[in-house]
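[1] Sequence below, structure please.
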Amino acid sequence: MGPVELSHKPSGKWVRWMWVLGLLLSVAWGLTSRLDLGLPAQLDNLFLDAFQKTSANAQTAHGVVVVDVDDVSLSATGQWPWPRYRLASLVQKVAEAKPAGIGLDILFAEPDRTSLENIQKAFKQDLGLDITFGGVPNGVTDNDGYLGRVLADNGVVGARYFYFDHVSKSDTPQ
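    Have a look, this model is predicted:
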């Protein structure tokens, strides 16, 4: 079967009008998106919902495991937030199972206060004491850095970075 052919060639005037109409629709769509009028997002959600309904089947996905920090986890391991070294250990245990991918959706709003470096700084600042810790392997005194290395070493995908500083005029996060 060959390509579909038009019964007649469109006139140049008709083609120009279609280009102008397409350009106007594109500009209008871009403006509604930029002005955050909600229409593009609503239409996007409608199309996504329709696609999901038509393409999904009733079978349960196999091979997908969600590790959730729930009340049972908290009662067994301690209150949230967990130290970053504990999260790093969890990621390493998951990575040992050789999953196709690991995603981490946790917002770390502040530095880990249980890091040995941060404890040393707090004692110095608050009490004027220089404290030291013996027998600590290199790279474990900063929990945030340790977690970062574990995530990088295991190819973990993180959630989107949200920037909540609405006071400063800077366009980019520090």
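
[2] what bits of this protein have low per-residue confidence?
    Filtered on pLDDT under 70, the chain yields the residue ranges 1-7, 160-174.

[3] all strands of it, in order?
    All strands of the chain, identified by DSSP state E, fall at 103-104, 157-158.

[4] Would you reformat those strands as TSV and include distance to N57?
    Every C-beta, even on glycine, is put in place using the N, C-alpha and C of the backbone. Formatted as TSV, the strands of the chain follow (distance: least, C-beta to C-beta, whole Å):
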stretch	distance to N57
strand 103-104	23
strand 157-158	26
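
[5] winner for burial among these?
    For these, the largest average neighbour count (mean count of other C-beta atoms under 10 Å) is found in strand 103-104, namely a mean of 14.

[6] Work out the gap between that one and the centre of the chain.
    Taking C-alpha atoms, centre = their mean, to the nearest Å, the mean C-alpha location of strand 103-104 is offset from the chain mean by 8 Å.

[7] Would you work out how far apart the start and end of stretch 131-147 are?
    End-to-end distance for stretch 131-147: 24 Å, by C-alpha to C-alpha, to the nearest Å.

[8] which of the residues in it are buried?
    Buried residues in stretch 131-147, counting neighbours by 16 or more other C-beta atoms under 10 Å, are found at 141-144, 146-147.

[9] Closest one of these to N154?
    L147 (10.9 Å; C-beta to C-beta).

[10] which helix of this structure spans the most residues?
    Taking DSSP state H as the criterion, the chain has its longest helix at helix 12-34.

[11] Quick one: residues in contact with that helix.
    Helix 12-34 is contacted by residues 10, 39-40 when judged by C-beta atoms under 8 Å, 6 or more residues apart in numbering.

[12] likewise stretch 82-93?
    67, 69, 77, 102, 104, 106, 108, 112, 114-115, 140, 143-144, 146-147, 150-151, 154, 156.

[13] again, only this time at 7 Å
    102, 112, 114, 140, 143-144, 146-147, 150-151, 154, 156 (C-beta atoms under 7 Å, 6 or more residues apart in numbering).

[14] So which residues of the protein form helices?
    Chain-ordered helices for the chain, with DSSP H as the definition, fall at 12-34, 39-55, 71-77, 84-96, 116-127, 143-153.
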